[in-house]
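A.B. asks: Sequence first, then the predicted structure:
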2 protein chains.
Amino acid sequence: MSEGEVLALSGGIGGAKLALGLSRVLPDGSLTVVANTADDFEHLGLNISPDLDTLMYTLAGLDNPEAGWGRGNETWTFMSVLASLGGETWFKLGDGDLAVHVERTRRLRAGESLTAITADFCARLGIAARLLPMSDDRVRTRLRTSDGWLEFQEYFVHRRCAPEVREIAFEGASVAKPNPAVLTALSSSRLRAVVICPSNPLISVDPILALPGMRAALVRCRAPVIAVSPIIGGKAVKGPTAKMLAELGRPVSAVEVALHYRDFLDGFILDEADAPLAPALDMPFTLAKTLMHTLADREALARGVLDFAGTLREKPRG
Amino acid sequence: MSEGEVLALSGGIGGAKLALGLSRVLPDGSLTVVANTADDFEHLGLNISPDLDTLMYTLAGLDNPEAGWGRGNETWTFMSVLASLGGETWFKLGDGDLAVHVERTRRLRAGESLTAITADFCARLGIAARLLPMSDDRVRTRLRTSDGWLEFQEYFVHRRCAPEVREIAFEGASVAKPNPAVLTALSSSRLRAVVICPSNPLISVDPILALPGMRAALVRCRAPVIAVSPIIGGKAVKGPTAKMLAELGRPVSAVEVALHYRDFLDGFILDEADAPLAPALDMPFTLAKTLMHTLADREALARGVLDFAGTLREKPRG
């Protein structure tokens, strides 16, 4: 029951909370977390990977749980001086966070892969889970909005998700190579479960799914694939998921998220508050407390996910 | 007597002290400071200009007078996190200092000149003096040492000037274009004095002099050219000047500094402690307190330099 490997697909904050829970309840070395890198961007000459870093900081216990991004115990001298020099300050970079971006940028320019750099950072920070960027190739989320096409961070941070979203594109995804370690993990006989974390399906998980072969590998995968709803009671826990679904003319409901993944999903975790929606789910499900305020909440949800996966193990695959 | 422009050539700490004194006793807009940029280097993917920044911070009142480099009220989170990631930490970059390097690097890559960027930074920081890099072209000091050829910062910071110096080269100097504003200032009829600050002649002033046409412009210049000795009692106030002179087989003496500049120098300022050396100087001189502990010391020396220059004004030029 507790043997085997677990693969989690995740964006930033919500996904990172469950990833941390999984890393704490699973034996060391059995969790692989795949991070969305389509919201990576180049800013001030630096390569910034927001979801990857949120996962790294969270898994290392260095995160800032109040903000949901960046590091705890951070200082802000850099931003303050940058402002005095007339630099761009809409994307907040803490002094410690900056070290990650500067060092990553240096190593990328020296020819190392994002995967290798991330693995080294994680090892130095004492992270037991394996953290993988979804690809070492460049994929960039762009949004067609009421203000025209916008780069992801321009929409997300600079304009605070205010423009209405009409279309989402993952530039480069169709020619990007998925991280080979992810495909290997998905075809492994030791794989126990795949967990789609409670991240925004449209901008955090879809970029991963848009990589060539990824969706097919999830369909083929013999281990159960489970998603945890990022929507509770018709609202997103954090971020623009609900707003974006509505703007795209889709129901703002946990059921919609399950439908979004229906081609490869074997089971769905609904929040207890959404129990009345269960009949609309055409797949195995379980109810859980999906709001993760405390570390104990994260661990409890992780155990619930793994237990639920255990019940789906024998499900025949098409 | 107090009319006209003053041009100062300077390296880092010692020169910056006198530059600050000059900026405080001269009317706004009449001081131009030319900074050595041959100790600039690329580190962690950033363009770093140590002497330029020491001058900028000093003139803006943002310097760290204890260290002689960097900013006061600095934080060090970046370096601490960089160390945790296995990055290179031998060159100390404070969090605020880093903003200057990141923003300068970004603007250089966007095609702006170092001169334009420096002018904008200085305006934003409220600096009344005009601060000019000696050139917008790349010049790099390299030293042939007992450990072979070393880049300047590798020798100066990483190896703490320990290797014995046998030869000094200014890579790129022979093809670099001096800052046109410097040549314009040197030929200006409004020029009142040229001040060679008490900087290391071998590594702070010589790179400026090595630029094509610079030495000839100083020889031609109608205003008096005055140097302030960086050597007092056979010792350098700070830094490796004395050690380097000795290793190159040259006398460690203020007189040697005057001789070093003899082709264009009109007057020399000896420290009072070196009064006995005066007979060995084959040029006009004056004695002054050249150690600048306090702001009052910097202003007093600046006034002394300007007064001395005034006495040399009518000197016929060859």
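C.D. replies: Received the coordinates, thanks. Numbering: from 1, shown residues only, chains lettered A, B, ... in the order given.

A.B. asks: Span of stretch A:155-165 from start to end?
C.D. replies: Start-to-end span of stretch A:155-165 (C-alpha to C-alpha, to the nearest Å) is 9 Å.

A.B. asks: quick one: contacts of it?
C.D. replies: Residues outside stretch A:155-165 that contact it (C-beta atoms under 8 Å, 6 or more residues apart in numbering or on different chains) are A:39, A:90-91, A:143-147, A:150, A:203, A:239-240, A:243-244, A:247-248. In short, each C-beta sits where N, CA and C put it, glycine included.

A.B. asks: What is the linear distance spanned by stretch A:80-95 between its boundary residues?
C.D. replies: 10 Å.

A.B. asks: at contact distance from chain B, anything in that stretch?
C.D. replies: Yes. Counting by C-beta under 8 Å from any C-beta of the partner chain, chain B has neighbours in stretch A:80-95: A:80-82, A:84-87, A:94-95.

A.B. asks: could you flag which of the residues you listed are buried?
C.D. replies: A:81-82, A:84-85, A:87, A:94-95 (16 or more other C-beta atoms under 10 Å in any protein chain shown).

A.B. asks: List the contacts of residue A:33.
C.D. replies: Counted by C-beta under 8 Å, 6+ apart, residue A:33 has contacts A:8, A:10, A:19, A:22-23, A:55, A:59, A:129-132.

A.B. asks: can you rerun that using 6 Å?
C.D. replies: A:8, A:10, A:19, A:55, A:129, A:131 (C-beta atoms under 6 Å, 6 or more residues apart in numbering or on different chains).

A.B. asks: Just give me the closest of the buried ones among the residues of stretch A:80-95 next to chain B to residue A:154.
C.D. replies: residue A:87 (16.5 Å; C-beta to C-beta).

A.B. asks: I'd like the next helix or strand past the helix-or-strand element of chain A with minimal mean pLDDT.
C.D. replies: Taking mean pLDDT, DSSP states H and E as the measure, chain A has strand A:235-236 as its least confident helix or strand, at a mean of 84. Per DSSP states H and E, the first helix or strand lying C-terminal to strand A:235-236 is helix A:241-247.

A.B. asks: Off-centre distance for that following helix?
C.D. replies: 18 Å (C-alpha atoms, centre = their mean, to the nearest Å).

A.B. asks: Could you pull out the buried residues of that helix?
C.D. replies: Going by neighbour count (16+ other C-beta under 10 Å), the buried part of helix A:241-247 is A:241-245, A:247.

A.B. asks: what would those residues look like in CSV with pLDDT and distance to chain B?
C.D. replies: Shown next, in CSV, are the buried residues of helix A:241-247 (pLDDT from 0 to 100; distance: C-beta to the nearest C-beta, whole Å):
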residue, pLDDT, distance to chain B
A:241, 91, 31
A:242, 92, 35
A:243, 94, 32
A:244, 94, 31
A:245, 94, 36
A:247, 96, 34
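
A.B. asks: Just the angle for the helix or strand containing residue A:103 relative to helix B:95-109, thanks.
C.D. replies: Residue A:103 is located in helix A:95-109, with elements delineated by DSSP H and E. Interaxial angle of helix A:95-109 relative to helix B:95-109 (axes from the mean of the first three to the mean of the last three C-alpha atoms, to 10 degrees): 40 degrees.

A.B. asks: Quick one: list the elements packing against helix A:95-109.
C.D. replies: In terms of contacts (3 or more C-beta pairs under 6 Å, 6 or more residues apart in numbering or on different chains; DSSP states H and E), helix A:95-109 is packed against strand A:46-48, helix A:77-84, helix B:77-84.

A.B. asks: Tell me who's in contact with the residue nearest to residue A:234 when sequence neighbours are not counted.
C.D. replies: Take residue A:234 and drop its neighbours on the chain: the residue closest to it by C-beta to C-beta, 6 or more residues apart in numbering or on different chains is residue A:252, 5.1 Å away. Contacts for residue A:252 (C-beta under 6 Å, 6+ apart) come out as A:234, A:242, A:245-246.

A.B. asks: how far away is residue A:252 from residue A:302?
C.D. replies: 26 Å (C-beta to C-beta, to the nearest Å).

A.B. asks: circling back to that earlier point, dump the contacts of residue A:33 to CSV, plus distance to residue B:313, neighbour count and secondary structure.
C.D. replies: Supplementary listing: the contacts of residue A:33 in CSV, determined by distance: C-beta to C-beta, whole Å; neighbours: other C-beta atoms under 10 Å in any protein chain shown; DSSP: H, G, I helix; E, B strand; the rest coil:
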residue, distance to residue B:313, neighbour count, secondary structure
A:8, 78, 30, strand
A:10, 74, 31, strand
A:19, 75, 30, helix
A:55, 69, 34, helix
A:129, 74, 24, coil
A:131, 70, 25, strand
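
A.B. asks: Low-confidence bits of the stretch 101-250 of chain A, can you list those?
C.D. replies: Along the stretch 101-250 of chain A, the model assigns pLDDT under 70 to no residue.

A.B. asks: For it, which segments are assigned as helices?
C.D. replies: A:114-124, A:152-153, A:180-186, A:206-209, A:214-220, A:241-247 (DSSP state H, counting those that start in this stretch).

A.B. asks: tell me the most buried of the ones you listed?
C.D. replies: Ranked by mean neighbour count, the helices of the stretch 101-250 of chain A are led by helix A:206-209 with a mean of 25 (mean count of other C-beta atoms under 10 Å in any protein chain shown).

A.B. asks: CA atoms only for it - export them in CSV, please.
C.D. replies: Only the C-alpha atoms of helix A:206-209 are listed here, as CSV (Å, rounded to 0.1, in the frame of the first residue of the first chain):
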residue,chain,number,x,y,z
ASP,A,206,-2.5,22.8,-19.0
PRO,A,207,1.0,23.9,-20.0
ILE,A,208,2.3,20.6,-18.7
LEU,A,209,-0.4,18.7,-20.5
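
A.B. asks: That helix packs against which elements?
C.D. replies: Using 3+ C-beta pairs under 6 Å, 6+ apart, no helix or strand is in contact with helix A:206-209.

A.B. asks: Show me the strands in chain A, by range?
C.D. replies: A:5-10, A:31-35, A:41-43, A:46-48, A:130-133, A:140-145, A:148-151, A:165-171, A:191-196, A:225-228, A:231-232, A:235-236, A:267-271, A:285-288 (DSSP state E).

A.B. asks: Kindly compare burial across those and name the winner.
C.D. replies: Greatest burial across the strands of chain A, using mean count of other C-beta under 10 Å, falls to strand A:31-35, with a mean of 28.

A.B. asks: Show the average pLDDT along it.
C.D. replies: The average of the pLDDT scores along strand A:31-35 is 98.

A.B. asks: ok, that strand: who's next to it in the sheet?
C.D. replies: Neighbouring strands of strand A:31-35 in its sheet, by DSSP bridges, are strand A:5-10 (parallel), strand A:130-133 (parallel).

A.B. asks: Contacts made by the first one with the rest, please.
C.D. replies: Going back to what we said before, that points to strand A:5-10. Taking C-beta under 6 Å, 6+ apart as the rule, strand A:5-10 contacts A:19, A:22, A:26, A:30-34, A:185, A:190-197, A:199, A:205, A:208.

A.B. asks: now do stretch A:200-215
C.D. replies: Stretch A:200-215 has contacts (C-beta under 6 Å, 6+ apart) with A:9, A:11, A:36, A:38, A:134-135, A:139, A:141, A:168, A:170, A:173, A:176, A:178, A:196, A:199, A:239, A:241, A:244, A:257, A:260.

A.B. asks: what's the answer for stretch A:70-83, then?
C.D. replies: So stretch A:70-83 is contacted by A:57, A:62, A:64, A:89, A:94-98, B:75, B:77, B:95-96, B:98-99 (C-beta under 6 Å, 6+ apart).
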